[in-house]
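Trainee: Here is the input, now give the coordinates:
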Amino acid sequence: MIAEPYEYFTTLLIALLPCAAGLQIARWLFPHERRLLVLGGVGLGVGIGLVTFGIAALVQVVPLTVAGAAVNSLSALLAARLAWQWRSDPLRVNLGRWTWLVVSLLLLILFICGVEFVSSIWHANTHENLLIRLGLAAHFLAGNWPPAHPWEPDTVFFYRFGAPLWTAAVARLGGADVFAAGLSVTLVSVLACLWGVAAAVTLLTDKSTGLLAGLLVAVAGPQNFLALPNAPFGELTASSAQRLVDIGPARLQEGYVLGESFQQLIPFSYTLVVGLAAAAGVGALAVAMSGGHARLPPSLLVGGLAFAGIGITAEHVFPVMAVGLLLPAPVLALSERRKEALALVGLVLTASLMALVPEGPLAEFARGPDRAGFLRLDTRDLFTVPTHGLFPEPSLFMSTVPGTRAGVFDPVTWKGFGWALIAIAGSMVVAAFKRRIGLAAPAAIGLFALLIPGVLNDELNPWNTWRFTQVGLLLSAPALAILVTALWRWRRTGTWLARLVACGLVALAAGTWLVSLTLLPGVVRTPESPVLAEELAAARFASQLEYPQRALLLPGPRTFNELSSSMADGMHKYAVTFGRLQVPMGFDNRGSRERYADVYARAQDELAPEDLSALEIDLVYTAQNHLSPEQQVMLDRAVAHNRLAPMFTSLGGARRIYRVLGDDDG
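Mentor: Presented below is the predicted three-dimensional model:
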């Protein structure tokens, strides 16, 4: 389960193939552009959008291996064409004296993101990657299509599955485990996202601003570092250095307003980073289209397909992107650039239509809007954002819990993300001052994303609107880059003051990230499971059984909060992901918990044959080192009465798997 060295190489190579193909497509779309910064930013993101769309569309009619091979074969042909053309017509790097600094910072960021991803799998640094995303990828590898939810096997999982599906294809073609494939997909997506942001802002302004925008997206986060010495704000509390070491960078970078740094998206859910990477590439392509730098008809098709890929990977990004592309259309039309305005509108329409081709949240909504009945439009919370008050545990940096929402312009929001609010307002002022409306695009789109949680309520999972807030805050980073470069280049009265303000804003945005670097070793300090070798041996045995296998975990979680915990050494996460097991306990209140929860809990308590039969349980998967005496007696009694039969016991005896015997086995 822990990958062999060659697996990292093969999966990275396969994950890079669509990016190289996208770069070649970008060369074709921009016949007069030779800057690698621009073409690479467009190509990498567009390539990721195309591969996620292509595999998701094809897998509906052919097996995953065939779908992945078809898409990657085409990518390989385009990559070969890129290499051949580069010999006679190379692209210009042209980063000047800053090349070494840009490359060094990029490698540092990629290293940190790699550590964060590894920590999310083996060291209990958040739960969703191991619990759901990588688990879904492993189940795709086993032939899980249509995608049954691992924790609700009778429910089809049709949201945010684009990245796990791509991960599964990379693992299959690379002959690797999903862990190595997930790591490669994550690192390639981080590279594409930051490069795409740099390309988009470069097209809007200039190279220096673009590079700064990419860097700020990677490092900007809440201003929690201000609380470290002795909280200067009323609701912020001082926290000892030792407590921060124990808590680690995850809590340090956790905003009271539900927004975090880009780095925290990696361990939380890498699928969001894949969606953002595609969005950055499509955004850069749209900027080029609106500026008349791209061939419009083919750009419309390519961009629409890549944009559609976002809809199955990170559906929260799709509406934000759509509005972001539609906003400039009236301005272009009034400027007598109707062709470019129609192209942007056409891009959104093409993407909306193409997004209905693969199974996904948008296609599900179009076929049955009643399935989204938990969503409500309500303006009573307009100009508010969700806060940490939605969670039961207290915030590290807030001594009180004022409520589940805070006003966009409330003091608590300024304390957490004052730099973002200044960036949004300041870049709009810069755009007006320079009479270049395009400079206001990141701020306008970011503000729109921040306002969505105030009008769109998710009644099943209210905190789910955090994702819109996160997108809005990420878009504030390019807006900050535009404002900071304008202040730095100020040549009128008060140049020194303008530069001081610029430095101060960057420090506010990046300060928490810089402090968190000292805490990074803590995230890989202790493995989640002290019996990891036995854990993986049991999972490997289960994965070799005929798929699918439904399992009862004993002891094991019953609630969503327990799913997110390290209960029984986190056995449930490894069993479902690396063991490819389905556990019919119910996931959260978005799915069908009521169908499973009571029966599953009773089965854990009694191992009654009728309950095991009702859930179609095949295996009982146990953590022997965490069983209570009563649970062990119950298991022994079931074995004695020929209801269970031992199949596997790990070398140290910490994990054991039983086969559930039916009447035919008697």
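Trainee: Just to check, Leu110 is in contact with Leu191?
Mentor: Yes: proximity of Leu110 to Leu191 meets the contact threshold set by CB atoms under 8 Å, at 6.6 Å. (Glycine included, C-beta is placed from N, CA and C.)
Trainee: Give me the more crowded residue out of those two.
Mentor: Leu191 (20 against 17; other CB atoms under 10 Å).
Trainee: elements contacting the helix or strand where that one lies?
Mentor: Per DSSP states H and E: Leu191 is located in helix 178-204. For helix 178-204, the helices and strands in contact under the criterion 3 or more CB pairs under 8 Å, 6 or more residues apart in numbering; DSSP states H and E are helix 5-29, helix 36-58, helix 99-122, helix 134-141, helix 162-174, helix 207-219, helix 270-290, helix 466-488.
Trainee: Could you check the angle that helix makes with helix 162-174?
Mentor: 120 degrees (axes from the mean of the first three to the mean of the last three CA atoms, to 10 degrees).
Trainee: what angle separates helix 178-204 from helix 270-290?
Mentor: 30 degrees.
Trainee: Flag every buried residue along the one helix or strand Ala597 maps to.
Mentor: Element membership for Ala597, per DSSP H and E: helix 593-606. For helix 593-606, the neighbour count (16 or more other CB atoms under 10 Å) marks Arg593, Tyr596, Val599, Tyr600, Ala603, Gln604 as buried.
Trainee: Show the model's pLDDT score for the third one.
Mentor: By that I understand Val599. Val599 carries a pLDDT score of 92 in this model.
Trainee: so it touches Ala614, yeah?
Mentor: Yes: between Val599 and Ala614 there is a contact at 5.4 Å, judged by CB under 8 Å.
Trainee: so where's the protein uncertain?
Mentor: 1-2, 125, 228-251, 255, 365, 367-376, 388-403, 458-464, 588-591, 663-666 (pLDDT under 70).
Trainee: gap between Leu106 and Val115?
Mentor: 15 Å (CB to CB, to the nearest Å).
Trainee: what's the answer for Ser88, then?
Mentor: As for Ser88, its distance to Val115 is 40 Å (criterion: CB to CB).
Trainee: Of those two, which one has the most company?
Mentor: Remark: of Ser88 and Val115, Val115 carries more neighbours, 20 against 6, as counted by other CB under 10 Å.
Trainee: and the closest residue to Phe140 other than its chain neighbours, what is it in contact with?
Mentor: Distances taken as CB to CB, 6 or more residues apart in numbering place Ala168 nearest to Phe140, at 3.7 Å, with adjacent residues excluded. The contact partners of Ala168, taken as CB atoms under 8 Å, 6 or more residues apart in numbering, are Leu64, Gly68, Ala137, Ala138, Phe140, Leu141, Val178, Ala181.
Trainee: Going by neighbour count, list what's buried in the one helix or strand Gly416 maps to.
Mentor: Using DSSP H and E, Gly416 maps to helix 411-434. Of the residues in helix 411-434, 412-424, 426-428, 430-431 count as buried by neighbour count, 16+ other CB under 10 Å.
Trainee: Show me the two of the contacts of Ala168 that sit farthest apart.
Mentor: Taking CB to CB, the two most distant members of the contacts of Ala168 are Gly68 and Ala138; they sit 15.0 Å apart.
Trainee: These two: who's more crowded?
Mentor: For Gly68 versus Ala138, neighbours defined as other CB under 10 Å are more numerous around Ala138 (29 against 26).
Trainee: That one reaches Phe578, doesn't it?
Mentor: Yes: taking contacts as CB under 8 Å, Ala138 lies within contact range of Phe578: 6.6 Å.
Trainee: who touches both of the two?
Mentor: Shared contacts of Ala138 and Phe578 (CB under 8 Å, 6+ apart): Val178, Ser543.
Trainee: Which residue lies nearest the spatial centre of the protein?
Mentor: Residue closest to the average C-alpha location in the chain (CA atoms, centre = their mean): Leu272, at 2.1 Å.
Trainee: who touches it in this structure?
Mentor: Contacts here follow CB under 8 Å, 6+ apart; on that basis Leu272 touches Leu265, Ala314, His316, Val317, Arg467, Gln470.
Trainee: most surrounded residue in these?
Mentor: Neighbour max across the contacts of Leu272 (other CB under 10 Å) = Ala314, 29 neighbours.
Trainee: So it versus Cys193, what's the distance?
Mentor: 11 Å.
Trainee: what is in contact with the two at once?
Mentor: Listed contacts common to Ala314 and Cys193 are Leu276; contacts here mean CB under 8 Å, 6+ apart.
Trainee: related to what we said a few turns ago, then the helix holding Ala597 to CSV, C-alphas only?
Mentor: The C-alpha trace of helix 593-606 is given here as CSV (Å, rounded to 0.1, in the frame of the first residue of the first chain):
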residue,chain,number,x,y,z
ARG,A,593,-28.3,7.7,6.9
GLU,A,594,-31.8,6.7,8.0
ARG,A,595,-31.6,3.7,5.7
TYR,A,596,-28.6,2.3,7.4
ALA,A,597,-27.8,3.9,10.8
ASP,A,598,-30.1,2.0,13.2
VAL,A,599,-29.6,-1.4,11.6
TYR,A,600,-25.8,-1.0,11.4
ALA,A,601,-25.6,0.1,15.0
ARG,A,602,-27.7,-2.9,16.1
ALA,A,603,-25.5,-5.2,14.0
GLN,A,604,-22.4,-3.9,15.8
ASP,A,605,-24.1,-4.5,19.2
GLU,A,606,-25.5,-7.9,18.6
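Trainee: So which other helices or strands are in contact with it?
Mentor: Using 3+ CB pairs under 8 Å, 6+ apart, helix 593-606 is in contact with strand 152-156, strand 549-554, helix 609-614.
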